[in-house]
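Trainee: Structure for the following, please:
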Amino acid sequence: MSAPPPPRRTRAHSSLARDYTVGSSQSTAASLSRDSIGLDPLDAQHGRYFLDSFGRRILLHGCNVSGINKLPTKPNGLTHLDMGEAWYDGENVSFVGRPWPLEDSHEHLSRLRNWGLTFIRLVVPWEALEHAGPGQYDDEYISYLHDLLSLFPKYGLKCYVDAHQDVWSRHAGGSGAPTWTMTLVGLDIRNLKPTGAAHAHNLHLEADDPPPKVWPSGMTKLAAATMATVFWGGDVFAPKRKVRRRLHRGEWGQAGREDEEVGLQEFLQESMCGAFGALANRLRDLETVIGFEVMNEPHRGYIELLSPYSWDFNTDLAIGYFPSAVQSWALGTGHPVFIPHYIPSFPVTAVSHHVLLRPPRRRTAWLDVSSPSFQKLPASTAGCIWAEHGVWEWVADRGEVGEGVVLKMEYFKRFPADCVIQGCVEVEGGKLGRNGKRKQGEEVDWHRDFYYPFVRKFSERIRRAPNPSSWLTLVEPIPNEFCPDYAPEQRPKGFIFSPHWYDLQALFEKRLGFMTANVQGLSRGMFLLKGLYFGRKGLKRNYAIQILNILRHGYRQIGEAPIVLGETGCPFDLNDKKAFATKDFRWQERMLDGICSAIGDAGLSNFNLWTYNPINNDTWGDSWNGENFSWFSLSDRTPEALAAVRDEPEWQQLNVCARVLDAVERPYACKTAGIPLRCTYDLHTRRFSYEYINPIPPEHVLADAALQSLPMQAEPDKPPVVGVPCEARETEIYLPRRRYGQAAQDGSLHVQLRDGDGEWKYDEERQTLYVLHRNTAPGYIHSVKVSVSGPADRPPLRAWYEPPAWLVDVDPVWINLALVVSIGGYMGIWLLSRAMQGWTAGGQGAYFETGPLAGEL
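Mentor: This is a model prediction of the structure:
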């Protein structure tokens, strides 16, 4: 069992004084500097909210900085560029200058502060730290990050470091790990494209190549799936392949056991922990850093594989050419294979056709022992690692072109031999053990046996840096999965659950319209009609249901502790990119408003929007795999736009290039002298409503029967009200001056407090509404309502928000009937098409493409 949290030592805020003048603290609502929250680190051990030094509950709103950090500056690694031979040189790269040159920091940090986005998730790929080789760290980049983060306190920013990866690495089609990790395992990065082992945008720039949006399916292709498997469980599933410790130039590899052979799992994990440990050592003295996130969007690889002949379509995204595990093994060894091609469709993805993929003769994804790359980082064996372990074999006389045959169907589901899982924390016989014993044939649990032990290893290495005992460890689940069972004894110190959420339908179809779908529910068997939502209110409700589900599962598994939604956002290239030409971003605004309303208002949770990208433009988006999520775009930096604000204050000049700011720049209670209860915001009317309650000490609940009816259990929209007392009476709410400043000047800004409970003051310069309450009785609920009288600063809702006039008079019965008939017809067509696809696929070769990808890759 985990130890109870230490007693809370709360400092007294100056607002406790009877003669305190509201707003005189000089603190800024969105600022997270020591001047605003006190000298103590943010406290994550006493309930679902972070606490400052005074016991005030802190809501953290911010963004990711930045998606462009995934790619090197030298050579320029933007994925739409043809890098030539430089693509294959993973050693001689530099990430210095990502996200921006140091001299540009004032502009970007001021902008984020003005928008109230002061909680930063700093994207740092492993490759940026250790690209030159195992144990060889890029001190110039580490110094650059130190210098950048040392500027954050001046702007009131806090941050955590995100150990970012997508699809393992750049050379597997994503970002993250250094190139040498793939060489170490035996993969030949020059042959990953010819063998279908990875899809990298930089190598698919022709018009008839698959589009970059297929990148998420790369996690199931040979390169990334193999790397994830050996990283998490190489000692179990690939024990025959060893490497010598001396290949690692760092302290771990040169500790007097240089000639010792170790497994791939140990070598890779120690290398990653060492690289981020080196960064932690350098950042240890910075007040802005609150912790590290272990890994972005982890994937099991082949571990717990549904079947070598099929992926799990509920969790693994089928898009583009999507071979099964055994098909990818066969392709990787140079054999021709018939594979399906999937296209995004609703309600499930569908096969559009099959194709014969034939790697060029004598080309395999695996290094030969004689190759210079293998000689540089030699392993004990070479060739297909899964054939080496007897998982499959190629049978040449099967089918028309031969076939890969699985020999061990449950190899990745059950332990292939007796073993001891190092660092697996378990309770046996009432005692806590650090190593779990597993029997041959016992069922594998990826979280328990592989993920959780690494999380603890990573956290312990980070916290070994001098001084950061208060650093947090943020942990993600697998994408599109709820919070797993995570016992207290398995968690690292400072544990924070940090899931992600996106509207997957809009994300991959790049469309948003009148109807949205609850993909989360539909993928889990929800009845189709129940999973459809219509209009702006329907979208908000849909998003709130999905996001609250994630929060609810998190609270039920981990109890009352803060949750940080580390990624969510809106693709700006929706609906055929029409907004780039018309400059009408109403659909993007609708989507982002729905997201922020669901998280920040309904869920009252912490979040980081994806992404603030300083080089985004309409042509290349975020310059990574065709994504376009940034609401800041250089395409709007026109001479006309700059001239229009030339004589305006700096904060207005910083808003040039910003899109949908009404959705991004929104009021929220940053520091609450109590426990947040409810929040609503309407970006059209600017009405903001907020309720919070005075904390109730546990002994008061037992003594007062009236208090027992208040919410005590963990629900995302009903937070418990028993908690640490707050030594402050002043609440600070971020009110953006762009929306409320003029109203404050002309007297049309109205703030109403329940029963006249206290005083308020709005400081336009600090964008802060200070609320000083009087009633300090435990359980008293405070209410703050903000409104603006007179005409709205935006036009009334347009027709696209409302049904057309002719539809208003139609009997709802007929509308419902038409809807049922339409959806029923659609489902009938869809089922028929699926049946036909199954029929054609039943006879191998019944329908194959003969286009440019047929024949040799």
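
Trainee: from the chain's centre, how far out does stretch 681-701 sit?
Mentor: 28 Å (CA atoms, centre = their mean, to the nearest Å).

Trainee: avg pLDDT for that stretch?
Mentor: If you average the pLDDT over stretch 681-701, you get 90.

Trainee: Buried ones in it, by neighbour count?
Mentor: Neighbour counts over stretch 681-701 (16 or more other CB atoms under 10 Å) mark 681, 683, 686, 688-696, 701 as buried. C-beta: built from backbone N, CA, C; applies to glycine.

Trainee: show me where pLDDT drops low in the stretch 251-400 of the chain?
Mentor: Applying pLDDT under 70 to the stretch 251-400 of the chain flags residues 346-348.

Trainee: now the helices for it?
Mentor: Here the stretch 251-400 of the chain has its helices, by DSSP state H, counting those that start in this stretch, at 264-283, 325-332, 372-376, 385-388.

Trainee: Turn those into TSV, columns for mean neighbour count.
Mentor: TSV is the format used below for the helices of the stretch 251-400 of the chain (neighbours: other CB atoms under 10 Å):
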stretch	mean neighbour count
helix 264-283	22
helix 325-332	28
helix 372-376	14
helix 385-388	22
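
Trainee: Which among these is found nearest to Pro72?
Mentor: helix 264-283 (15.6 Å; CB to CB).

Trainee: Show me which residues of stretch 104-117 are buried.
Mentor: So, applying 16+ other CB under 10 Å, buried residues of stretch 104-117: 105, 108-117.

Trainee: hmm, who's touching it?
Mentor: 29-31, 61-63, 65, 99-100, 118, 120, 148, 151-152, 154-157, 609, 612, 614, 632, 650-651, 654-655, 658, 661, 664-666, 668, 670, 734, 736, 767 (CB atoms under 8 Å, 6 or more residues apart in numbering).

Trainee: Only the buried subset of those residues, as a PyMOL command please.
Mentor: Paste this into PyMOL to select the buried members of these, with burial taken from 16+ other CB under 10 Å:
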select buried, resi 29+30+31+61+62+63+65+99+100+118+120+148+152+155+156+157+609+612+614+632+651+654+655+658+661+664+665+666+668+670+734+736+767
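
Trainee: Domain ranges for this structure, per the record?
Mentor: The chain breaks down by automatic domain parsing into domains covering 14-52+669-800, 61-190+240-288+450-472+486-653.

Trainee: so Val395 bridges to which residues?
Mentor: Counting by DSSP bridges, Val395 is bridged to Glu403.

Trainee: what residues are up against it?
Mentor: Contacts of Val395 by CB under 8 Å, 6+ apart are 402-405.

Trainee: Against Asp503, how distant is Val664?
Mentor: 17 Å (CB to CB, to the nearest Å).

Trainee: Spatially nearest residue to Ser143 (excluding sequence neighbours)?
Mentor: Arg282 (7.4 Å; CB to CB, 6 or more residues apart in numbering).

Trainee: Could you list the low-confidence segments of the chain?
Mentor: 1-7, 346-348, 427-434, 468, 699-717, 792-857.

Trainee: Spatially central residue for it, please.
Mentor: The centroid of the chain falls nearest to Glu567 when counting by CA atoms, centre = their mean (3.6 Å).

Trainee: what's it sitting at in phi/psi?
Mentor: Main-chain torsions, Glu567, degrees, to the nearest 10: phi -150, psi 140.

Trainee: helices and strands around the strand or helix carrying Ala228, which ones?
Mentor: Take DSSP states H and E as the rule and Ala228 turns out to sit in helix 222-237. If you count contacts as 3 or more CB pairs under 8 Å, 6 or more residues apart in numbering; DSSP states H and E, helix 222-237 packs onto helix 180-185, helix 264-283, helix 325-332, helix 385-388, strand 419-428.

Trainee: Which parts of the stretch 501-650 of the chain are helices?
Mentor: 504-509, 519-522, 535-558, 578-582, 586-596, 639-644, 650-653.

Trainee: For the ones you listed, give me JSON lines that also has distance to Ala365.
Mentor: As requested, those are exported to JSON lines (distance: least, CB to CB, whole Å):
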{"stretch": "helix 504-509", "distance to Ala365": "27"}
{"stretch": "helix 519-522", "distance to Ala365": "33"}
{"stretch": "helix 535-558", "distance to Ala365": "36"}
{"stretch": "helix 578-582", "distance to Ala365": "38"}
{"stretch": "helix 586-596", "distance to Ala365": "39"}
{"stretch": "helix 639-644", "distance to Ala365": "49"}
{"stretch": "helix 650-653", "distance to Ala365": "51"}
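
Trainee: Name the stretch among these that sits most buried.
Mentor: Ranked by mean neighbour count, the helices of the stretch 501-650 of the chain are led by helix 586-596 with a mean of 22 (mean count of other CB atoms under 10 Å).

Trainee: Just the CA coordinates for it, please, in CSV.
Mentor: In CSV, the C-alpha atoms belonging to helix 586-596 read as follows (Å, rounded to 0.1, in the frame of the first residue of the first chain):
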residue,chain,number,x,y,z
ARG,A,586,-16.1,29.1,-37.9
TRP,A,587,-15.9,25.3,-37.9
GLN,A,588,-12.5,25.3,-36.3
GLU,A,589,-13.8,27.7,-33.7
ARG,A,590,-16.8,25.6,-33.0
MET,A,591,-14.7,22.5,-32.6
LEU,A,592,-12.1,24.2,-30.3
ASP,A,593,-14.7,25.9,-28.2
GLY,A,594,-16.4,22.5,-27.7
ILE,A,595,-13.1,20.9,-26.6
CYS,A,596,-12.2,23.7,-24.2
